[in-house]
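S.K.: coords below, sequence missing:
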């Protein structure tokens, strides 16, 4: 089969004695991808015998210099007039820069010759032809020509510096608009994660990342994955929405969230004081919790007040008292006991009211900070089936993680 151009709208075919040349797509992956992107064919996979003609190059032929305008084809049927002008101007600037470089090299060469032969004084340089790949420049070297070349080089340098500054500004703007925790101020960090500042965020990250499982492909940085997880907890955003703003697939968001919650629940667990579930995992245990084996006594400090849900039938008060703490049982758990004194009765009632109010306020603060706890969660979060067995409920790990994160923040529960 004869050679034919693969460009859209181009009907050029190979013919003998034709001035049109045909080129295969480059084997170099990076350059090949640039050619494919420039050709703009939808759903197209070029093969080994795919050709493009020389009509799509500014100079009429390809060039293997990465700085040359014809390193990638740029002239097509869909190229606008302004685009064609830019391509031609780019070629002109490239040729001028080559000529200026060659002339400067000539000037240095002349200067070195003059230094070697001090007795010869050359007022003007002989007319010479400087050959540069892709172009020929014939010039008579005079002082005015050298001055003009210096001015042209200054202009090109100024243009280069200006373009570099624009690139830096665009990169900074892109990074600022991207959800990158390193670019967050304290206000933005608190809004998106509930954590007070970037320092706290990085402390949490360093604590968790020590055991975080590595994945073969990471579409986001590890800090962005943690940010995504915290945003899910704080706003209960849908996986589809998080996929849109982080430019990843919804299923990737789901897998990422599960991975991080599992590790966070494990690593942040020490920030939560053990409750009755930790102290008595048996479904029908003895109600005693303030025992030496419970682990709670090790966490008591002098002047701590312990509120017991019920009388455990053992002398826990003496045990707590040895640690300079105090044990109180609320009024509702003493109804079947002997009559209390008025002072003891008022104290027990006040303790019960304070306990109930404080717990409600803490729960309200927790739901307000991480709205996932006040929302209806999908059924698939309640348990995970794997290897034909039921693992821990993911919702338990979500609650544990939210509680631990709240403990890392300043206490905002209003006092009575």
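M.R.: Noted; the coordinates are in hand. This one's a predicted model, so the numbers in the text were calculated from it and none came from an experiment.
S.K.: Please count neighbours and contacts with C-alpha atoms only from this point.
M.R.: OK.
S.K.: Can you point out the buried residues in whichever strand or helix holds residue 227?
M.R.: Residue 227 belongs to helix 222-235 when assigned by DSSP states H and E. Within helix 222-235, the residues that qualify as buried are 223-235, counting by 16 or more other C-alpha atoms under 10 Å.
S.K.: among those residues, which two are most distant?
M.R.: Spatial extent of these (C-alpha to C-alpha) is set by the pair 223 and 235 at 18.1 Å.
S.K.: can you pull the buried residues of stretch 88-108?
M.R.: Within stretch 88-108, the residues that count as buried by 16+ other C-alpha under 10 Å are 88, 90-91, 95-100, 102-104.
S.K.: can you give me the strands in the protein?
M.R.: With DSSP state E as the criterion, the chain has strands at 22-24, 51-53, 128-132, 135-139, 305-307, 326-328, 385-386, 389-390.
S.K.: Provide the contact partners of the second one at residue level.
M.R.: Strand 51-53 is contacted from outside by 3-7, 12, 20-25, using C-alpha atoms under 8 Å, 6 or more residues apart in numbering.
S.K.: do the same with stretch 196-211
M.R.: By C-alpha under 8 Å, 6+ apart, stretch 196-211 touches 181-182, 184-187, 189-190, 195, 223, 226, 263-264, 267-268, 408-410.
S.K.: what about 10 Å?
M.R.: For stretch 196-211, the external contacting residues (C-alpha atoms under 10 Å, 6 or more residues apart in numbering) are 181-191, 193-195, 212, 222-223, 226-227, 230, 260, 263-268, 405, 408-410.
S.K.: ok, of these, which come out buried?
M.R.: Among the contacts of stretch 196-211, the ones that count as buried by 16+ other C-alpha under 10 Å are 181, 188-190, 193-195, 212, 223, 226-227, 230, 260, 263-265, 267-268, 405, 408.
S.K.: thinking again about what came up before, could you dump the buried residues of stretch 88-108 to a markdown table with pLDDT?
M.R.: Output for these, formatted as a markdown table (pLDDT from 0 to 100):
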| residue | pLDDT |
| --- | --- |
| 88 | 88 |
| 90 | 88 |
| 91 | 87 |
| 95 | 86 |
| 96 | 85 |
| 97 | 84 |
| 98 | 85 |
| 99 | 82 |
| 100 | 81 |
| 102 | 80 |
| 103 | 79 |
| 104 | 81 |
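S.K.: Closest one to residue 252 out of those residues, please.
M.R.: Nearest to residue 252 out of the buried residues of stretch 88-108 is residue 90 (C-alpha to C-alpha; 42.6 Å).
S.K.: any idea how far residue 85 is from the closest residue to that closest one other than its chain neighbours?
M.R.: The spatial neighbour of residue 90 that comes closest, neighbours along the chain excluded (C-alpha to C-alpha, 6 or more residues apart in numbering), is residue 69 at 6.6 Å. Relative to residue 85, residue 69 is positioned 13 Å away (C-alpha to C-alpha, to the nearest Å).
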